[in-house]
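> Fold the stuff below for me.
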Amino acid sequence: MAWFNGGVSTQPPFSARDAGSLPRGETIATLETYPEAQALVDRLAKADFDVSTTSIVGSDLKTVERVTGKLSYGKAALTGAANGAFMGLIFAVLLSLFTPDPTSAFRLMAAAVLATTGLGMILSLISYAVVRRRRDFSSTRQVIASSYQVIVPPERAAAARLALGEAELGSVGQE
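The predicted model follows:
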């Protein structure tokens, strides 16, 4: 079975038995950020290296929660209204596709946005009232790694290093 990936048909990069295990191979680079690891794999791909057996492994995972501000009833109402309006707009656009009259479609859209804005605000206020004593701030949470290793099969490590060297030489020559 072939996988379809943006216009290129390839074999799946790993089998079901590999899904629960760490990739094995040789580390060709250790980088501080995920975008740097992605850029390295992108350089390999641009150097015509077969990246289907390449893995990016994050090590020393940490949960980072960034506090974005203090919560209040006003902020909860505003956030709920905005989320409700957005959902209402999506719902209204879908409904208007099946309404032949443009005037009634506009009225339908306005009613849907208005109703979901109010519903979103009410639900957000109820939610805030329930958790207010336990959590009186807003935040975003993400899991990040301290470092990222780019790993290739041992028999492909020399070719990957060669491809990276040629890619760097090519970019120096273009400057």
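> Now do the buried residues in stretch 155-166.
Arg156, Ala159, Ala160, Arg161, Ala163, Leu164 (16 or more other C-beta atoms under 10 Å). All C-beta spots, glycine's among them, are computed from the backbone N, C-alpha and C.
> shaky segments in this protein?
Within the chain, the stretches with pLDDT under 70 are 1-19, 166-175.
> just the helices in it please.
Along the chain, the stretches classed as helices by DSSP state H are 34-46, 73-96, 102-131, 157-174.
> what's in contact with the first one?
This means helix 34-46. 29, 31, 51, 54, 56, 58, 144-145, 148-150, 160, 163-164, 167-168 (C-beta atoms under 8 Å, 6 or more residues apart in numbering).
> Can you go through these and name the buried ones?
Among the contacts of helix 34-46, those classed as buried by 16+ other C-beta under 10 Å are 29, 31, 51, 54, 56, 145, 148-150, 160, 163-164, 167.
> Just name the closest of the residues you listed to Ala76, please.
Nearest to Ala76 among the buried ones among the contacts of helix 34-46: Ala145, at 33.0 Å, using C-beta to C-beta.
> For the residue nearest the centre of the chain, give me its contacts.
By C-alpha atoms, centre = their mean, the chain has its centre lying nearest to Gln142, at 10.9 Å. Shown in contact with Gln142 (C-beta under 8 Å, 6+ apart): Thr63, Val64.
> can you pull up the bridge partners for it?
Val64 (DSSP bridges).
> do Val152 as well
Bridge pairing for Val152 - DSSP bridges - gives Glu26.
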